[in-house]
Every structure is written in structure tokens, then in C-alpha cells.
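Trainee: coords below, sequence missing:
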Ligand code: AP5
Ligand code: MG
């Protein structure tokens, strides 16, 4: 699944994972947890993630390659935010071909830039489990997560408008060409991300 920042990838991937009983693998989450945990991967990606720049392909591809070897991927998986460039898409095809597997669908959530900006400035995230909230739909109690009780705060890369704009630019320049890449393979599924979260989810289920 791909789409511009704030399109609702994280919001919808949690629902898709639950409905289909598959793991949702978000490279952005893996990188943020690595940074928070102070791991060696975290040290390598911190400068890119916090500035809103793409992490180099090689590092990202190796991270996904390793994650896809886990047992929970055997019956299927959802990738949220990967691939995000044509070289990453080609690498993913190779990784899957080695396992005699292929993608069923490439889902793109579409929203215009002003919707991205509005959603990101209003987004709040549980820094423990990653669940999404927003100023319009806060947790029940005092900015603590409804699910795990963790603190719900703005994401570091949402606090700087220049970092948000950098992410949107890199989406248009580097990620959007994936529409052509997957369109030519006949697996592109486009969904209007400006609808309510429930309606976006219904559209995704029908598209799949
Ligand atoms: P990543 O974590 O993937 O961030 P992103 O691409 O900037 O996308 P977001 O997570 O901001 O948006 P989203 O579509 O998930 O929206 P959400 O559901 O949260 O990547 C972060 C960084 O990691 C990158 O900048 C890069 O450095 C690195 N990285 C990651 N993958 C990489 C890769 N493949 N290659 C290289 N580098 C990589 O929703 C946003 C808000 O809107 C929330 O508040 C939500 O509640 C609200 N909302 C959602 N849906 C709706 C709706 N339908 N109506 C109203 N509000 C809604
Ligand atoms: Mg996300």
C-alpha cells in the first residue's frame, strides 16, 4: 500500500491486517521503533526519518527482506509504505520471486496535498503501540492510548512543516511513478482516501 503522507495508510493497514489475519509491515514504524530503541538500525536511519527524507534503498530493502522471512508472513502480509521507489519495487519482485511468490495487489490511497497537510498537523500517535488518533478523534482519556495506555503525542516528523513538505515532494518525485509500474502489471487498485475511514475501508475491501 502506498499513497501520500497522511493518506491513511497506517489507519487502514490496521483494519486490513485484522480482517485478513495477516501482519501489517510498515517500514516507517520499524524505523521509528529502531530509533526509539537506540538500535544500530535506528542510528543509521535517524537523520533521514527526522528530516522527512527517504532512507537509502539498500538499507530499506534489507530491512524488508529480513522481515519477510518471519513465520507470520507465510499466509500473506501487507506492506505499508514499501516499496516507495521503482528500485524498491524491483527489489521486492526479486525477493518474492526467490520465494515463488508474487503480489496480489498494489493499493494506492489518493488524497490531495491540502488534505495531507491538514491531517498531519492534527495527527497524534501512541508512542508505545503506534495507534493513530487526531485532534478530531482523540483517545477517551487525557491523551493516553485507549488500547495500551501509552502517551499519545505528535510524531516528531509532523512537527516541522518543512519536513512534511519534503515528504510530500519525495512522494511525487519518487513514489508516484509506482502507479505506472504496477498499472503495467495489472495489479494497481486506486482508492479515494478523502472519504470517512469506514468508507475508505469498504472501498479497499471491494477493490481487493
Ligand atoms: P511513514 O511512517 O510511512 O510516513 P509517511 O509516508 O509520511 O506516511 P504517514 O504515516 O505520515 O501517513 P499515513 O498514510 O500512514 O496516514 P495515517 O493513517 O497516519 O514513513 C516515515 C519515514 O520513514 C519516511 O519519511 C522515511 O524517512 C522513512 N521510510 C519509510 N518507508 C520508507 C521506504 N520504503 N523507503 C525509504 N524511506 C522510508 O493518517 C494521518 C492522520 O489522518 C491521522 O491522524 C489519522 O487519524 C487521520 N486520518 C486517517 N484517515 C482518515 C480519514 N479517512 N478521514 C479523516 N482523518 C483520517
Ligand atoms: Mg503511516
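Mentor: Sure, I can see it. Given the structure is predicted, the values throughout are model-derived calculations rather than measurements. Ligands and ions are numbered 1, 2, ... in the order given.

Trainee: does residue 124 really touch residue 154, like I thought?
Mentor: Yes. Counting by Cβ atoms under 8 Å, residue 154 is a contact partner of residue 124 at 6.0 Å. Bear in mind the C-beta positions are built from the backbone N, C-alpha and C, glycine included.

Trainee: ok, residue 79 touching residue 28?
Mentor: No. The criterion here is Cβ under 8 Å, and residue 79 misses it with residue 28 at 11.1 Å.

Trainee: Please say which of these two ends up with more neighbours.
Mentor: For residue 79 and residue 28, the more surrounded residue by other Cβ atoms under 10 Å is residue 79, and the numbers stand at 24 against 19.

Trainee: Show me what residue of the protein gets nearest to ligand 2.
Mentor: Ranked by Cβ to the ion, the top residue of the chain for proximity to ligand 2 is residue 10, at 3.3 Å.

Trainee: show me what contacts that residue?
Mentor: 26, 28-29, 80, 130, 132 (Cβ atoms under 8 Å, 6 or more residues apart in numbering).

Trainee: List only those of these flagged as buried.
Mentor: 26, 28-29, 80, 130, 132 (16 or more other Cβ atoms under 10 Å).

Trainee: Check these against ligand 1 and report the nearest one.
Mentor: Nearest to ligand 1 among the buried ones among the contacts of residue 10 is residue 28, at 1.9 Å by Cβ to the nearest ligand atom.

Trainee: what's the closest non-adjacent residue to that closest one?
Mentor: Of all residues not flanking residue 28 in the chain, residue 81 sits nearest, at 5.1 Å (Cβ to Cβ, 6 or more residues apart in numbering).

Trainee: coming back round to it: centre of the chain versus the helix or strand hosting the residue of the chain closest to ligand 2, how much separation?
Mentor: Mapping residue 10 onto the secondary structure by DSSP states H and E places it in helix 9-20. In this view, helix 9-20 has its centroid 11 Å away from the chain centroid, taken as Cα atoms, centre = their mean, to the nearest Å.

Trainee: With stretch 39-57 instead?
Mentor: Distance, centroid of stretch 39-57 to centroid of chain: 15 Å (Cα atoms, centre = their mean).

Trainee: check whether that stretch contacts ligand 2.
Mentor: No. Stretch 39-57 stays clear of ligand 2 (Cβ under 5 Å from the ion), getting no nearer than 11.9 Å.

Trainee: Let me know whether that stretch sits next to ligand 1.
Mentor: Yes. Taking Cβ under 6 Å from any ligand atom as the criterion, stretch 39-57 and ligand 1 are in contact, through 48-49, 52-55.

Trainee: So which of residue 124 and residue 154 has more stuff around it?
Mentor: Neighbour tally, residue 124 and residue 154, criterion other Cβ under 10 Å: the higher count belongs to residue 124, 21 against 15.

Trainee: what ranges do the strands span in the chain?
Mentor: Taking DSSP state E, the strands of the chain run over residues 24-26, 78-80, 106-110, 123-126, 132-134, 152-153, 188-192.

Trainee: Let me have those in TSV, extended by distance to residue 116 and mean pLDDT.
Mentor: Formatted as TSV, these follow (distance: least, Cβ to Cβ, whole Å; pLDDT from 0 to 100):
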stretch	distance to residue 116	mean pLDDT
strand 24-26	17	97
strand 78-80	16	98
strand 106-110	11	98
strand 123-126	10	94
strand 132-134	13	92
strand 152-153	20	96
strand 188-192	14	98
